[in-house]
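> sequence unknown, structure follows:
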């Protein structure tokens, strides 16, 4: 499996590759501004590739981004094991608090965790190259709860998302963290595949 992933990733050589986990196990673990963030990053950088991952239900989250030329949609196509293995080879992982983020802690790959219900201290504090973000300006965050019925358990933003994701992590916060990662790790990972 590792050889197959290395071979697949080697085709992306020459690009800054971002693995984006689209959703976790609860409503406050879905970032509602993926498209806006990708578009903003594409305006600033010309060498980005985004690989989006998640379970089969995340394919609906890929609907608005699947036609962006530098987005590769793998939700429901890659297993969680394949997604975590991909974290080894990419330049950056962006993910809410979910298995992909936790698994990426095994690797030196920079990561931007998007925390709403929990904190950096509880999850990524000891990860190498952690650039995670906690929701700011939202009194209920961190709530340390799994939110399955946001309508009954959360204050909602205009987009019907829990306010911690809808307002607590603006696109600009991710852009700022991305700039820090890009400035610190400007080299592109070159994936080599042994012949034969």
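Noted; the coordinates are in hand. Keep in mind that what you see is a predicted model, and the values were worked out from it rather than measured.
> Please, which helix or strand holds the most centrally placed residue in the chain?
Nearest to the mean C-alpha position of the chain, by C-alpha atoms, centre = their mean, lies residue 94 at 2.3 Å. Here residue 94, judged by DSSP states H and E, is contained in strand 92-96.
> what does the very next helix or strand once past that strand contact?
The helix or strand immediately downstream of strand 92-96 is helix 99-104, counting by DSSP H and E. Helix 99-104 is contacted by residues 19, 21, 24, 53, 80, 83-84, 87, 93, 95, 111, 113, 123-124, 127 when judged by C-beta atoms under 8 Å, 6 or more residues apart in numbering. Heads up, the C-betas are built off the backbone N, CA and C, glycines and all.
> which strands and helices sit next to the strand holding residue 94?
strand 16-21, helix 99-104, strand 111-115, helix 171-184 (3 or more C-beta pairs under 8 Å, 6 or more residues apart in numbering; DSSP states H and E).
> tell me the mean pLDDT for the very next helix or strand once past the first one?
With elements assigned by DSSP H and E, the helix or strand that comes after strand 16-21 is helix 34-44. Helix 34-44 carries an average pLDDT of 98.
> now stretch 54-66
Mean per-residue pLDDT for stretch 54-66: 95.
> Which residues outside it are in contact with it?
Contact with stretch 54-66 is made by 21-23, 30, 34-35, 38, 50, 52, 71, 73, 75-76, 80, as judged by C-beta under 8 Å, 6+ apart.
> Same question for stretch 1-20.
Contacts of stretch 1-20 (C-beta under 8 Å, 6+ apart): 34, 45, 47-53, 70, 81-83, 85-95, 100, 104, 182, 188-193.
> re the thing from before, for the contacts of stretch 54-66, pick the one with the most neighbours.
residue 21 (32 neighbours; other C-beta atoms under 10 Å).
> Adding distance to residue 135, write the helices and strands packed on strand 92-96 out as CSV.
Output for these, formatted as CSV (distance: least, C-beta to C-beta, whole Å):
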stretch, distance to residue 135
strand 16-21, 17
helix 99-104, 15
strand 111-115, 7
helix 171-184, 9
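> Nearest approach to residue 150 belongs to which of these?
Smallest distance to residue 150 across these (C-beta to C-beta): 16.1 Å, for strand 111-115.
> now that closest one, how far from the chain's geometric center?
Taking C-alpha atoms, centre = their mean, to the nearest Å, one finds strand 111-115 lying 7 Å from the centre of the chain it belongs to.
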